[in-house]
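1. how would this look folded up:
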Amino acid sequence: MLKGTYFYAIGLSYKKADATIRGLFSLDDTSKKNLLNQAKEAGIESLIVTSTCNRTELYGFAEHPYQLIKLLCDNSKGTIEEFQHVAYILKNNEAVSHMFRVGSGLDSQILGDFEIISQLRTSAKASKKKGLLNPFTERLLNAVIQASKRIKNETEISSGATSVSFASVQYIMSNIQNVSEKNILLFGIGKIGRNTCENLVKHTKNEHITLINRTKTKAEAIAGKFNLLVKDYADLQKEINASDILIVATGAQSPTVTKESIQSNKPILILDLSIPRNVNPDVTELSNVTLIHLDDLSKMTDDTLERRKEFIPLAEQILEEVKLDFNSWLATRKFAPTIKALKHKLLDLKNAELETQRKKHADFNEAQAELISNNIIQKITNHFAYHLKTDHMSTDDSIELIRKVFQLESTTNV
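-> Below you'll find the predicted structure:
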C-alpha cells in the first residue's frame, strides 16, 4: 500500500439508518461509475463500492476516511452531516473483520442472506477494470468469498432459503387468503425482483402473475422462463388497479407508485422491496391499501431464522480460520521488503569483503568464496524470515529491530 494510507470500511446499514436515510446514500450503477472515476482522479489506490437494499459501503485505502466519505456524499443525495449521525468508520483490522462478517451473511438484515457476496464480487470486477484493486484488497475479497462458501457448505445458517425476496412471499402467504387466486403484479425485475418472482411461482401456485419493467425485453426473458404475462410500462396504472397484490422492486431514485396511482376501492397489499423507497407513503392514506416495506419484513422472524442462530458460533469459527490464513499471508507480505533489504545489505557486505580479500591474496579462490558466502547469506535471511513468521512478538517491532541493527533504509510495507 502507499505509505501513509490505511484500509478503511466506511458506510451505513439497516442497523442505524432507516430506509429513508439509506435511500439518500443509495448508489445506482451510474453513480458507482462516477464515484470510481472520481476516486481514480483523486489518487485513491484501491476501492470497492457496494450499495444494496440494506447498506451502502466503501472499502478502500486513504490517508484519512474523509476522502472516502466525500466520494460517497458527492455521488449520492446524502450529506456529510447526515452520514455522521448514522455511519460507521472502521480502520485496518476492524475494517477487514467487517468485510468478513458482511460477506459471510452474519451482518445481513436477514441472517444468512448471502446475496451480498455476489454484489461484492461484481463491485470488485468494476474496480479492477478501473485499476482500483490492489493485491491486498483482491486477496482479502478472495478470502471473504472462501469464508462465505465454507459457511454456506459447512453450516445450515442459510437453510430455509430465507431472504428479503422469500420473506416477502412468506408474508403474502401468511396474510392473504386464497393467494393462488389473487392477481399479483411484480413491478421491477432486478435481482430482488427476479428472486421474488421465482419464489412466487414456486410457493404460491399462482397463475395470475404479471410482470412490468421499464425495459420490456428483460421482463419477457423472465416471463418466458416461468410462462408469465408481461405488460407495457405504459399500462402500469391500469395493472396496479387490476391487482390484489403489488410488489415493487425497481431501482428508481424516487417513488414510482403514489396515491394517485391507485383508483380502485378493492383491498390491495403493496410490498415495497426498493431502496430508496419506490412507493410513496401517502398510499396509506387510502383505507383499502396496506403498505409493507422490506425493513418491516426483516423484523418478522420465524422458526427458520431462529434455527439459523444456532449456527452462528460455527460460522464465526470458520471466519477466524480463514482470517488467520489471510493474516499469515499479510504478515509475510509485510516483512518481505525488509527481508529483501536485509539480503541486499548482506550482499553489499559480502562484495566489499571479497574485494578486500582479492587484494590481500593472489591465489584467492573467488568461486569458492562466492558459493560459501551466498549460502551463508541465504541461511541468515531464511532464519530471519522464519522468526518473523513464527515469533509471537509484534511483527512491526521485529521489523524495526532488524532495520536498526543492520541500518536498513525504511521500506514501504504492504
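2. check contacts around residue 31.
-> The contact partners of residue 31, by CB atoms under 8 Å, 6 or more residues apart in numbering, come to 51, 75-76. C-beta here means a position set from N, CA and C on the backbone, and glycine is covered the same way.
3. Compute the number of surrounding residues for residue 47.
-> By other CB atoms under 10 Å, 28 other residues sit near residue 47.
4. wait, it sits on residue 132?
-> Yes: under the criterion of CB atoms under 8 Å, residue 47 makes contact with residue 132 at 4.9 Å.
5. per-residue confidence for residue 65?
-> According to the prediction, residue 65 has pLDDT 96.
6. Ok, residue 225 next?
-> As summarised for this prediction, residue 225 has a pLDDT of 84.
7. for whichever strand or helix holds it, which positions count as buried?
-> Taking DSSP states H and E as the definition, residue 225 sits inside helix 216-226. Of the residues in helix 216-226, 216, 218-219, 222-223 count as buried by neighbour count, 16 or more other CB atoms under 10 Å.
8. following that helix, which helix or strand shows up next?
-> Scanning forward in sequence from helix 216-226 by DSSP H and E, the next helix or strand is strand 229-230.
9. helices or strands next to that next one in the packing?
-> Using 3 or more CB pairs under 8 Å, 6 or more residues apart in numbering; DSSP states H and E as the contact criterion, the secondary-structure elements in contact with strand 229-230 are strand 209-212, helix 216-226.
10. closest to residue 106 out of the ones you listed?
-> Within the helices and strands packed on strand 229-230, the stretch nearest residue 106 is helix 216-226; the backing value is 30.7 Å (CB to CB).
11. how far does that closest one sit from the chain's center?
-> When C-alpha coordinates are averaged (CA atoms, centre = their mean, to the nearest Å), helix 216-226 and its chain have centres 28 Å apart.
12. Convert it to CSV, retaining C-alpha atoms only.
-> Only the C-alpha atoms of helix 216-226 are listed here, as CSV (Å, rounded to 0.1, in the frame of the first residue of the first chain):
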residue,chain,number,x,y,z
LYS,A,216,-39.8,-4.8,-21.5
THR,A,217,-37.4,-7.3,-23.1
LYS,A,218,-35.9,-8.0,-19.6
ALA,A,219,-39.4,-8.8,-18.3
GLU,A,220,-40.1,-11.0,-21.3
ALA,A,221,-36.9,-13.0,-20.7
ILE,A,222,-38.0,-13.8,-17.1
ALA,A,223,-41.7,-14.3,-18.1
GLY,A,224,-40.7,-16.9,-20.7
LYS,A,225,-38.9,-18.9,-18.1
PHE,A,226,-42.0,-19.2,-15.9
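13. Run through the protein and note the low-pLDDT ranges.
-> Judged against pLDDT under 70, the low-scoring parts of the chain cover residues 1-4, 159-162, 298-304, 389-395, 410-414.
14. Could you point out the helix or strand that follows the helix ranked longest in it?
-> Counting residues, the longest helix in the chain under DSSP state H turns out to be helix 312-360. Where DSSP H and E defines the elements, the next helix or strand beyond helix 312-360 is helix 366-390.
15. Now the helix or strand following that next one: buried residues?
-> Using DSSP H and E, the next helix or strand after helix 366-390 towards the C-terminus is helix 395-406. For helix 395-406, the neighbour count (16+ other CB under 10 Å) marks 395, 398-399, 402-403 as buried.
16. Likewise for stretch 80-91?
-> Residues of stretch 80-91 classed as buried: 82-83, 86-87, 89-90 (neighbour count, 16+ other CB under 10 Å).
17. likewise stretch 243-262?
-> Going by neighbour count (16+ other CB under 10 Å), the buried part of stretch 243-262 is 243-251, 253, 255-257, 261-262.
18. One more: stretch 280-290?
-> When burial is assessed from 16+ other CB under 10 Å, stretch 280-290 yields the following buried residues: 280, 283, 289-290.
19. Now, those residues that are in helices?
-> Among the buried residues of stretch 280-290, DSSP H puts none in helices.
20. Can you read off the backbone torsions of the closest residue to residue 266 other than its chain neighbours?
-> Excluding its sequence neighbours, the residue lying closest to residue 266 (CB to CB, 6 or more residues apart in numbering) is residue 288, at 6.4 Å. Its backbone dihedrals place residue 288 at phi -90, psi 0, with angles given as degrees, to the nearest 10.
21. what two of the buried residues of stretch 243-262 have the greatest distance between them?
-> Distances among those were taken as CB to CB; the most separated pair is 244 and 253, at 28.1 Å.
22. one step back: and the residue nearest to residue 266, what is it in contact with?
-> Contact partners of residue 288, counting by CB under 8 Å, 6+ apart, are 262, 264-268.
23. what's the answer for residue 309, then?
-> residue 111.
24. What of residue 165?
-> For residue 165, the contact set (CB under 8 Å, 6+ apart) comprises 192, 195-196, 198-199, 273.
25. Let me know the closest of these to residue 181.
-> When the contacts of residue 165 are compared for distance to residue 181 (CB to CB), residue 199 wins out at 18.1 Å.
26. Point me to the residue sitting closest to the centre of the chain.
-> Taking CA atoms, centre = their mean as the criterion, residue 120 is the residue nearest the geometric centre of the chain, at 3.9 Å.
27. could you say which helix or strand contains that residue?
-> Under the criterion of DSSP H and E, residue 120 resides in helix 115-129.
28. cool, residue 10 as well?
-> Using DSSP H and E, the element containing residue 10 is strand 6-13.
29. Please apply the same query to residue 50.
-> Taking DSSP H and E as the definition, residue 50 sits inside strand 47-51.
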